[in-house]
Each structure stands twice: as C-alpha cells, then as structure tokens.
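> Quick one: sequence and predicted model below, then my questions.
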Amino acid sequence: MERIVMYNVDNQKEAVNWKDVQWQYVTAVERRVLVLGSGGREHALAWKIAQSDRVSKVYIAPGNAGTMSVGENIAINIADFQAVKDVVLKNNINLVVVGPEQPLVDGIVDFFKNDDDLKDVKIIGPEKNGAQLEGSKAFAKRFMERYGIPTARCLTVTADNLTEGLHYLETLEAPYVLKADGLAAGKGVLIVNDIKEAKTELKEMLSGKFGAASAKVVIEQFLKGIEVSMFVLTDGEHYVILPEAKDYKRIGDGDTGLNTGGMGAVSPVPFVTPDFVKKVENRIIKPTIEGLKNEKIDYKGFIFLGLMNCGGDPYVIEYNVRMGDPETEGVMTRIDSDFADLLDKCAVGRLNEARFEINPETSVTVMLVSGGYPESYKKGMRISGLDNVCPCCIVAHAGTKLVDNDIVTSGGRVMAVTAHGKTIAEAREKAYHNAKMIVFEGKNYRHDIGLDLMNL
C-alpha cells in the first residue's frame, strides 16, 4: 500500500488514522465514476480520473468520440435528472462529477441530496443556491459587494429602471460592459466602445436579445489589465488552488474577431507569482468561501475565478461554478496526484487530507475549430491524422462523434491539442507541430497562443 500523507489548509501534516486509510484503499478500488457532459472539459476530466488505480470504471454521459478511449459513453440527456439517476443506480456509480454549468444551475445536486435512493452517491458541484454565482450575474455582484471582494462597480438594470441604466452608462468611460444576468451559452457579454451603441444594445438585451437570460442586465465598469483564470476546489471548509491558466477568447490572431468559447490556453501564467496568488487567496478565495458558509450554502465543487490583473491587484470579472474550457484540457495535464481521490475527499468534506502535487512544466493548449465558427459551420467532416499525433501530446475531443467507424466533427470547437515543455516556447512548438497532424475540412485555429506571455 502506498504511503498517504495528509495536510490541512496551512500545509501542515496532520495525524493519520492508518486503519482508516487502509479501509479507504481497499474500498476505493471499487470506485465507479460518472462524468456528466460531452465537451473537451469532460474528456480531460475523465482522462485524468481514469488514471487513478483506485477507479475501476469511468462512465461519461453523453460523452463524445474521444471519451470512448477512457471510459464508457452513455447516451442520455443530462438535463433529465431521472435518466441520470437510472444510470447511477444501474451501474453502481458512487461518484458523479458534473462538467457543465446548466445542470448545476438547474439543481442536479439538490436532486441527488433529496433522493433517498441516491443518498450514498457522492456528487461534485454546488447546490442550486450556490450555482447562482454563475447562474446570475446580479447575484454574484451582490455577493461580492457583501463580502468586500474586489470587482468592478456596476448597476443591475431591468425594464423597470431602464432610464437609470441609460444615465449610469453616461457616468462610465468607454468601453462599456453589458452582461446578461443569466446563462447565455457564453454569448451574453457585450463590450461596446460607443455610448450610443451601448444604449441601443442595452435596450435590445432587455427586449430579449439573449432570451430570458437578458431580462436583467448588469452594466459594469471596464477593467483594464490582463485576464487570468484561477480554479479552486472546495469542500465548503477547506480548499485546494488548482493550476491557473490564461485562455484566448477571440477567434483571430492578435485577439481579433468574434468571441468564442475559447481558442486555447497556457498554464502556468508568468505574472501569477506567489505574491499575486497570496492576494487572490486573501482577498478573494477566503472571503468567497466564508461568504458561502455565512449564507448557509453547502458548496462542494469547483469555483472558477475569472480575474483581471490590474497593476498587480486581482479583481473578479466573473465566477463560474465548474471548470473552464479549454483551460481544463491544460490544467488536468499539470496535476501529478490522484485527482479521483481529491474529488472523493472533497465530496465528503475531507479535502484537507488530500495529497496534491502540481507538475511545474508549462502546458500550451491549441483548440482546433470548424471553419466558420463561431458563426455558421458545417458538421460531419471526417477527421484524420490522429494516429500521427505524438504520444507526448494529449488530444481532448470537444465536438466529435463516431459515425460508421469514422470520427467526424459535430460542433464548432472540435478538439484541443495540449503539449508540455520547460518553457512556453517549447510547449508551443510541440502543440502546433501536432495540431498540424490532425486534418479535417475547414480546420481553423489561432497561431499565437502564448506568444503574448513569452516576454513577461
């Protein structure tokens, strides 16, 4: 049996009940895990979980053509919680990891906790009230204001106070940030340079531009700086800071063109120094977890911190209640400890006992997308060349499916290629070399992932 060392949040060794540890080792080999989702994030999570010698089987629902290589796909609609329950009970699953945000916002964790048949099943994710951190921009901003968490000043606007909103825009300097309050599939944030256009967009959003998600709009001060994503896993009391990443949202090189779900990522980020992390920890992470506890929100899962580094000081742009994409594809490759064990301990409130190690090398992730994305694009394009990718690279499928033994495209973001190196330059060279090996009609990708970080 391997030796297990346990730590508390101050990184101090704690007394170990070795009898209890031995029991965990014997029973953990029967761990059966279900990952919910079908994107690159879920492929990366399933890939990392499957590496644990304490996991006997990984299921992915509904999964994609890539997740089939690390577990068993189950074709269900994850919005149907009863269908999820049936899968869990049929396959004796004892740990569920929720990938996307929508099931969390819709209350899947509450469903599990309130069902007697599922009482012994562990689930990673916040309850519905905690998922409001992502499900409602207005809720998140009020939460940050209550607990003194640094963020941009803002005003929440509905049709009832539109006039106030129009006047508030005039108090701000361009560019103007408009955020749909609810989930809008990553499309609900507008950054507008012209005041007249901002006022027009505000009216259109409130009139249903993003459906019910923009019935309420948060007008926000624009923060100038460099963005970074930081990730926390918490059991509501203890927490682990996962590797950070910088992602690239625009479709074109040089951050040009339309916003996307993400075109690539780099981890670690050069400006995220120990001093910066300490600021994030003291000013944001600890107040966030204390705030959740104070509001009686049971939170066992991921907290994604979308941050702006403004002259060395971190400000929260947004919370997400799950891991990011494509950041997860790179972050998972940098975790050197048993991730399934980390999740298991998180689910039972014992995260302080987990062993956690990070690979110091740099990962660079390049997202391959369909031609035309993020607007209209073709599906069903046959993908070849995957066998030519070096084993040193990890390819996470995002929008793929298997048709007549061929892997074909089924989404805008098709797959993410991640490579490691001692430097960003070395990782970039490997990632791009292998990205060229993969071929499908209309393939597109950015050529500048990480270039902006090389001289920092």
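Structure received.
> Name the residues that touch stretch 143-162?
133, 138, 141, 164-165, 168, 177, 181, 202-203, 206, 215-223, 283-284, 287-288, 290-291, 294-295, 313-317 (Cβ atoms under 8 Å, 6 or more residues apart in numbering). Where you see a C-beta, it was placed from the backbone N, CA and C, and this is true even at glycine.
> any low-confidence regions in the stretch 151-300 of the chain?
Within the stretch 151-300 of the chain, no range satisfies pLDDT under 70.
> following the helix or strand encompassing residue 125, which helix or strand comes up?
Using DSSP states H and E, residue 125 maps to strand 122-126. The helix or strand immediately downstream of strand 122-126 is helix 132-135, counting by DSSP H and E.
> What would the helix or strand just after that following helix look like as CSV? C-alpha coordinates only.
Using DSSP H and E, the helix or strand that follows helix 132-135 in sequence is helix 137-146. Taking Å, rounded to 0.1, in the frame of the first residue of the first chain, the C-alpha atoms of helix 137-146 are listed here in CSV:
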residue,chain,number,x,y,z
LYS,A,137,-24.5,37.9,-12.6
ALA,A,138,-26.6,40.2,-10.4
PHE,A,139,-26.5,37.6,-7.5
ALA,A,140,-22.7,37.3,-7.9
LYS,A,141,-22.1,41.0,-7.9
ARG,A,142,-24.3,41.5,-4.7
PHE,A,143,-22.4,38.6,-3.1
MET,A,144,-19.0,40.2,-3.8
GLU,A,145,-20.3,43.6,-2.5
ARG,A,146,-21.5,42.0,0.7
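> Spell out which strands sit alongside the following helix or strand past helix 137-146 in the sheet and which way each one runs.
Following helix 137-146 in sequence order, the next helix or strand is strand 154-157 (DSSP H and E). Strand 154-157 has the following strand partners under DSSP bridges: strand 217-220 (antiparallel).
> chain center to the partner strand, what's the gap?
On the basis of Cα atoms, centre = their mean, to the nearest Å, strand 217-220 sits 23 Å off its chain's mean C-alpha point.
> Residue 380 - nearest residue in space that isn't next to it in sequence?
residue 408 (5.1 Å; Cβ to Cβ, 6 or more residues apart in numbering).
> And the helices in the stretch 1-150 of the chain, which stretches?
With helices called from DSSP state H, counting those that start in this stretch, the stretch 1-150 of the chain shows them at 18-28, 40-50, 81-90, 101-105, 108-113, 132-135, 137-146.
> doesn't residue 117 make contact with residue 89?
Yes: the pair residue 89 / residue 117 is scored as a contact, 6.3 Å apart, by Cβ atoms under 8 Å.
> one step back: next, the residue nearest to residue 380: phi, psi?
Backbone torsions of residue 408, given as degrees, to the nearest 10, read phi -130, psi 160.
> how deep is it tucked in, by neighbour count?
The number of residues packed near residue 408 is 18, by other Cβ atoms under 10 Å.
> so who does it touch?
Neighbouring residues of residue 408 by Cβ under 8 Å, 6+ apart: 65, 379, 380, 381, 382, 383, 400, 401, 402, 440.
> Could you rerun that using 10 Å?
For residue 408, the contact set (Cβ atoms under 10 Å, 6 or more residues apart in numbering) comprises 65, 379, 380, 381, 382, 383, 399, 400, 401, 402, 414, 440.
> can you check residue 360 too?
Counted by Cβ under 10 Å, 6+ apart, residue 360 has contacts 243, 268, 334, 336, 422.
> still on that earlier bit, among the helices of the stretch 1-150 of the chain, which is nearest residue 70?
The closest of the helices of the stretch 1-150 of the chain to residue 70 is helix 40-50. By Cβ to Cβ, the value is 4.4 Å.
> Which elements pack onto the closest one?
Here helix 40-50 touches strand 31-37, strand 55-62, strand 95-98, helix 327-331, helix 339-347, strand 362-369, strand 394-397, strand 413-421, going by 3 or more Cβ pairs under 10 Å, 6 or more residues apart in numbering; DSSP states H and E.
> Serialize the ones you listed to JSON lines and add fields for mean neighbour count, mean pLDDT and distance to residue 456.
Output for these, formatted as JSON lines (neighbours: other Cβ atoms under 10 Å; pLDDT from 0 to 100; distance: least, Cβ to Cβ, whole Å):
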{"stretch": "strand 31-37", "mean neighbour count": "24", "mean pLDDT": "97", "distance to residue 456": "33"}
{"stretch": "strand 55-62", "mean neighbour count": "21", "mean pLDDT": "97", "distance to residue 456": "37"}
{"stretch": "strand 95-98", "mean neighbour count": "26", "mean pLDDT": "98", "distance to residue 456": "33"}
{"stretch": "helix 327-331", "mean neighbour count": "31", "mean pLDDT": "98", "distance to residue 456": "17"}
{"stretch": "helix 339-347", "mean neighbour count": "23", "mean pLDDT": "96", "distance to residue 456": "29"}
{"stretch": "strand 362-369", "mean neighbour count": "28", "mean pLDDT": "98", "distance to residue 456": "13"}
{"stretch": "strand 394-397", "mean neighbour count": "26", "mean pLDDT": "98", "distance to residue 456": "25"}
{"stretch": "strand 413-421", "mean neighbour count": "26", "mean pLDDT": "98", "distance to residue 456": "16"}
